[in-house]
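Participant: Quick check, what structure comes out for this input:
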Amino acid sequence: MLINNMLEKKRKEQVSKDLTAHRKEYSESWQKDAEYFFEKSYYKWMAEHIAHSKNILEIGCGTGYSTLALLNEGHKVISIEENSFCIDKTEALLNSKGFNVAKINNREVYEASPDYGYKLSYKDVDNKSEDYDVILVQGDIINDSSFIKWLKEEVQFPISAVICWLLGTHNSRGFNKVFDLNEVKNSSDARIYTQNIIYELCDVILPDNGYLHIVDRAVDVDGIDIIKNVLINHKDQASTSKMEVLEAEYLNYEEPKGMQMSVREITEDSKIVDRTGVYDDHNKIFVSILSKKIG
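Facilitator: Numbering: from 1, shown residues only. The predicted structure follows:
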C-alpha cells in the first residue's frame with residue numbers, strides 16, 4: 001500500500017510538471033509562428049471579417065499577435081486563455097505597443113487526478129474597469145462558468161463578436177479531465193468539441209446580429225471542394241444554436257519552412273480530420289467561417 005501511494009504521488013507530481021513544461025514549450029514555439037503570421041498580415045485579413053464589431057471576445061490569445069491585430073484595427077478585446085505563459089507573453093507584447101492591458105492570471109485551481117490526468121477549475125473573475133484596451137483572463141471556455149457569469153453580469157460593454165482563430169494547444173491538454181475521453185479520442189474530436197461549445201456560448205453572450213468568426217488551417221486537397229465541405233460541417237455544428245453560418249472563404253498562406261502543424265483536412269466523404277506533420281509540398285489555406293446570431 002505504501003509503495004502504491006508513493007507511485008501515485010510521483011505520477012501526480014509528474015503530471016503537474018509536464019503541464020507546466022508543455023505550456024511553456026507551446027508558448028515559445030507559437031511565439032515564432034504567430035509573429036510570422038502577423039508580419040505577413042494574415043491576422044489583419046482575419047480581422048477584416050469582423051471590422052464592424054467593436055467589442056470582441058477572443059477565444060485564445062496565443063502569444064498576443066492576433067490580439068495586437070485586433071487592437072490595431074480599433075477593437076476593444078477581452079481574451080480568455082488557458083495557458084498562463086501565453087498570457088504573460090501577450091501582456092508584454094501589448095504593453096510594448098502602448099496599449100492599456102489588464103491581466104487576470106491567478107484564477108486556476110489545479111487538482112491532480114488519481115490516474116494520469118488533472119482537473120482545473122477557476123475562481124471568480126476580479127472585476128476590472130472598462131477603460132482598458134484589452135483584458136486578458138486566464139480560464140477555459142469549456143468549463144469556466146465564473147467567466148461566463150462575469151461576461152454577462154459585470155462587463156460594462158456588450159460583446160458584439162466572438163472569434164476563435166487557429167485553435168491550438170499544448171501536449172498536456174489531452175490529460176485535462178474536462179474532456180470525456182469516451183467522446184473525445186483525438187485532436188480533431190477535441191477541436192470540434194470546443195467549437196460546438198463556442199457556438200452554444202454565442203447564444204448566451206451575443207446580442208441578436210452578433211457574429212462568430214472561426215479560422216482554421218487546412219491542406220488544399222486536389223478534387224475536393226473544401227469550402228462546400230466546411231460549410232456542411234459548420235452548419236451541422238451550428239444547428240444546436242441560434243447561430244446561422246453565413247459564409248466560408250479561404251486564403252492561401254505561407255508558413256515558416258518546416259513548420260510542424262496540425263491542419264484540418266477534408267476527406268472525400270465530407271469529414272474533417274486533423275493531420276499533424278510537415279506540409280512543405282502542399283498548398284496551405286486559412287479557412288474563414290462567419291456566422292451570425294439570429295433572434
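
Participant: Can you tell me, leaving aside adjacent residues, what's nearest to L251?
Facilitator: Closest residue in space to L251, ignoring its immediate chain neighbours: F286 at 4.7 Å, by Cβ to Cβ, 6 or more residues apart in numbering. (Glycine included, C-beta is placed from N, CA and C.)

Participant: Next: E154.
Facilitator: What sits nearest to E154 in space, not counting adjacent residues and going by Cβ to Cβ, 6+ apart, is N127, at 5.1 Å.

Participant: Show the pLDDT at the residue nearest to L251.
Facilitator: On pLDDT, F286 comes in at 95.

Participant: show me what contacts it?
Facilitator: Contact analysis of F286 by Cβ atoms under 8 Å, 6 or more residues apart in numbering lists 42, 45-46, 166, 215-218, 250-251, 253.

Participant: helix/strand/coil for it?
Facilitator: Put simply, F286 is strand when judged by DSSP: H, G, I helix; E, B strand; the rest coil.

Participant: and if you look at the one 4 residues further on?
Facilitator: Using three-state DSSP, the structure places L290 in strand.

Participant: hang on, the earlier thing: from V77, how far out is the residue nearest to L251?
Facilitator: As judged by Cβ to Cβ, to the nearest Å, F286 and V77 stand 20 Å apart.

Participant: and if you look at R11?
Facilitator: 39 Å.

Participant: higher neighbour count, those two?
Facilitator: V77 (23 against 16; other Cβ atoms under 10 Å).

Participant: okay but that one is in contact with E58, surely?
Facilitator: Yes: counting by Cβ atoms under 8 Å, V77 touches E58, with 5.6 Å between them.

Participant: From the contact counts, what lies against the longest helix seen in the chain?
Facilitator: Determined from DSSP state H, the single longest helix within the chain is helix 2-39. Helices and strands touching helix 2-39, as assessed by 3 or more Cβ pairs under 8 Å, 6 or more residues apart in numbering; DSSP states H and E, comprise helix 65-72, helix 84-96, strand 108-112, strand 118-122.

Participant: Quick check: which of those is nearest to Y199?
Facilitator: Smallest distance to Y199 across the helices and strands packed on helix 2-39 (Cβ to Cβ): 19.8 Å, for helix 65-72.

Participant: That closest one - contacts with which helices or strands?
Facilitator: Going by 3+ Cβ pairs under 8 Å, 6+ apart, helix 65-72 lies up against helix 2-39, helix 42-47, strand 55-59, strand 76-81, helix 84-96, strand 161-165.

Participant: which one of those is the most hemmed in?
Facilitator: strand 161-165 (a mean of 25; mean count of other Cβ atoms under 10 Å).

Participant: what element comes up after it heading to the C-terminus?
Facilitator: helix 187-205 (DSSP states H and E).

Participant: Can you list the buried residues in that next one?
Facilitator: Within helix 187-205, the residues that count as buried by 16 or more other Cβ atoms under 10 Å are 187-196, 198-199, 201-202, 205.

Participant: and the angle for that helix with strand 55-59?
Facilitator: Orientation check (axes from the mean of the first three to the mean of the last three Cα atoms, to 10 degrees): helix 187-205 against strand 55-59 gives 150 degrees.

Participant: What's the mean pLDDT across helix 187-205?
Facilitator: Here the average pLDDT along helix 187-205 is 91.

Participant: Tell me the helix or strand right after it.
Facilitator: strand 211-219.

Participant: which other residues reach whatever helix or strand comes next after that next one?
Facilitator: Per DSSP H and E, strand 211-219 leads on to helix 226-238 as the next helix or strand towards the C-terminus. Outside helix 226-238, the residues within contact range by Cβ under 8 Å, 6+ apart are 192, 195-196, 199, 214, 216, 218, 220, 244-245, 248-250, 266, 270, 272, 285, 287, 289, 291.
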